[in-house]
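Peer 1: With the sequence up front, the predicted model follows.
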Amino acid sequence: MYNFNPYAIPNFIVSMWIFTVSLVLFFKRRETLAYLAYFGAVGWIFGCGMAYLATDYGTAKLWLKLVFVSIILIAPTFFHFVSIFLEIKDKEKKFILINYLISFLFIGFTIFSDLLIYPAKHWWGYYPKAGSLIHPIFLLWFGFIYYRGLYNLFSIIRQKAIPPLKKLQSRYLFWAYVFAIIGGIDFIPDYGVEFFPFGFLFTGFGATIITYAIVKHHLLDINIVLTRAGIFALVYFPIVFIPFWIASKLIHTSLWWFPMLLFGILTALGIFIFNTLRKRAEDLLLKEQRRYQRALRQAAKQMTRIKDLDKLCQAIVL
């Protein structure tokens, strides 16, 4: 029924992280319903990991149907969350309701037929394959909802009358969901392409940014977040891609263990490289800000030594 499969490990790690994020949002920002889309992401990523472990078609089919039900629910819950966050829920009420109804239709196709997806065996394990023309129709629907949610966020960012904090949070959300949508590359194998689906890593990173924006508000500048995201993608893309590409060539040979060893070594090196590059990039970005901070600290020290009120007022004005 199940066999150990190293390709499932990244899925379990990322899904556990997103599940933790979901719980944080549930307890801290329950009213936004943001946790619903996160739970959908957990079902997608964790379910794929279980399907990789499956040794028979029936077990894989069960997990992959759960995967697709979870994916379907991500779209309407994402848009619902954005509408609540932007305080346009009443305006988008009909659109939200219609999309929940459409999602139930796609869920019906998933559970009671193979018209949307069915399991296909790949070198990394079982994975969904598009069952009919309903699949590309689903992708168009999903993409349209996602685009509309991003458009609403972008519109708020461009408005001058929006409070600075709200605008900053919207920027975090916009860029986080741009990162998350890169996870859509995981649909490529649905059309028979032998491409290991690692897009969920970007979704996990996007979830981290969103949680930070909602729970912590604006403790980091958006430029720093984008810089970290860019460095993360630059460092970890080859770390994930190279071992899995080699694995596809060696999986049925006596050297099947080599890609796992390489992945472990590169992951360890990646942490060091990421932290080094991140520190240097942030030093450059914050160079001017830190100069101001030093000047303010020096000025504050000097002011504590001034006893005369007139001189103190002159120092403050200068």
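Peer 2: Happy to help now that I have it. Everything numeric in this text was worked out from a predicted model, so none of it was measured. Numbers count the residues shown, from 1 in each chain.
Peer 1: Surely F138 and I74 touch.
Peer 2: No - in this structure, F138 is not within contact of I74 by Cβ atoms under 8 Å, at 11.8 Å. To be clear about C-beta, it is placed using only N, CA and C from the backbone, and glycine gets the same treatment.
Peer 1: Tell me the helices and strands packed up against the strand or helix carrying F263.
Peer 2: Here F263, judged by DSSP states H and E, is contained in helix 258-285. The criterion is 3 or more Cβ pairs under 8 Å, 6 or more residues apart in numbering; DSSP states H and E, and the helices and strands that helix 258-285 contacts are helix 222-250.
Peer 1: for the helix it packs on, what is the average pLDDT?
Peer 2: Average pLDDT, helix 222-250: 68.
Peer 1: Which parts of the chain are strands?
Peer 2: Using DSSP state E, the strands of the chain run over 117-122, 125-130.
Peer 1: which of the ones you listed is buried the deepest?
Peer 2: Most buried of these, by mean neighbour count (mean count of other Cβ atoms under 10 Å): strand 125-130, with a mean of 22.
Peer 1: So in that sheet, which strands flank that one, and in what orientation?
Peer 2: strand 117-122 (antiparallel) (DSSP bridges).
Peer 1: And the contacts of the partner strand?
Peer 2: Residues external to strand 117-122 that are found in contact with it (Cβ atoms under 8 Å, 6 or more residues apart in numbering): 51, 57, 60-61, 64-65, 68, 110, 126-131, 135, 189-190, 192, 194.
Peer 1: Alpha carbons of that strand, in PDB - could you do that?
Peer 2: What follows is strand 117-122 as a C-alpha-only set of coordinates in PDB (Å, rounded to 0.1, in the frame of the first residue of the first chain):
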ATOM      1  CA  ILE A 117      -8.000  14.000 -13.100                       C
ATOM      2  CA  TYR A 118      -6.900  10.400 -12.800                       C
ATOM      3  CA  PRO A 119      -3.600   8.900 -11.400                       C
ATOM      4  CA  ALA A 120      -0.600   8.500 -13.700                       C
ATOM      5  CA  LYS A 121       2.700   6.900 -12.700                       C
ATOM      6  CA  HIS A 122       5.900   9.000 -13.000                       C
END
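Peer 1: Just the buried subset of the contacts of strand 117-122, written out for PyMOL, thanks.
Peer 2: Buried residues within the contacts of strand 117-122, by 16 or more other Cβ atoms under 10 Å, are selected in PyMOL with:
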select buried, resi 51+60+61+64+65+68+110+126+127+128+129+130+131+135+189+190
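Peer 1: Out of the contacts of strand 117-122, list just those in helices.
Peer 2: Residues of the contacts of strand 117-122 located in helices (DSSP state H): 51, 57, 60-61, 64-65, 68, 110, 135.
Peer 1: Out of those, which is nearest to L97?
Peer 2: T110 (20.6 Å; Cβ to Cβ).
Peer 1: Touching, the closest one and L116? I think so.
Peer 2: Yes - using Cβ under 8 Å, T110 is in contact with L116, at 4.9 Å.
Peer 1: quick one: the nearest residue to F195 once chain neighbours are set aside and Y177, what's the gap?
Peer 2: Using Cβ to Cβ, 6 or more residues apart in numbering and skipping residues adjacent in sequence, the residue nearest F195 is I188, 4.8 Å away. Counting by Cβ to Cβ, to the nearest Å, the gap from I188 to Y177 is 20 Å.
Peer 1: between the two, who's got more neighbours?
Peer 2: Neighbours per residue, other Cβ atoms under 10 Å: of I188 and Y177, the larger number sits with Y177, 21 against 14.
Peer 1: ok, the more buried one touching R148?
Peer 2: No - with contact defined as Cβ under 8 Å, Y177 does not count as touching R148 (11.7 Å).
Peer 1: contacts for stretch 45-64?
Peer 2: Applying Cβ under 8 Å, 6+ apart, the external contacts of stretch 45-64 come out as 1-5, 7-9, 11-12, 14-15, 18-19, 66-67, 70, 117-119, 124-128, 197, 200, 203-204.
Peer 1: Mean confidence (pLDDT) on it, please.
Peer 2: The average pLDDT within stretch 45-64 is 91.
Peer 1: Could you check how far it is from the centre of its chain?
Peer 2: The chain centroid and the centroid of stretch 45-64 are separated by 22 Å under Cα atoms, centre = their mean, to the nearest Å.
Peer 1: Quick check: end-to-end length of it?
Peer 2: Taking Cα to Cα, to the nearest Å as the measure, stretch 45-64 stretches 10 Å from start to finish.
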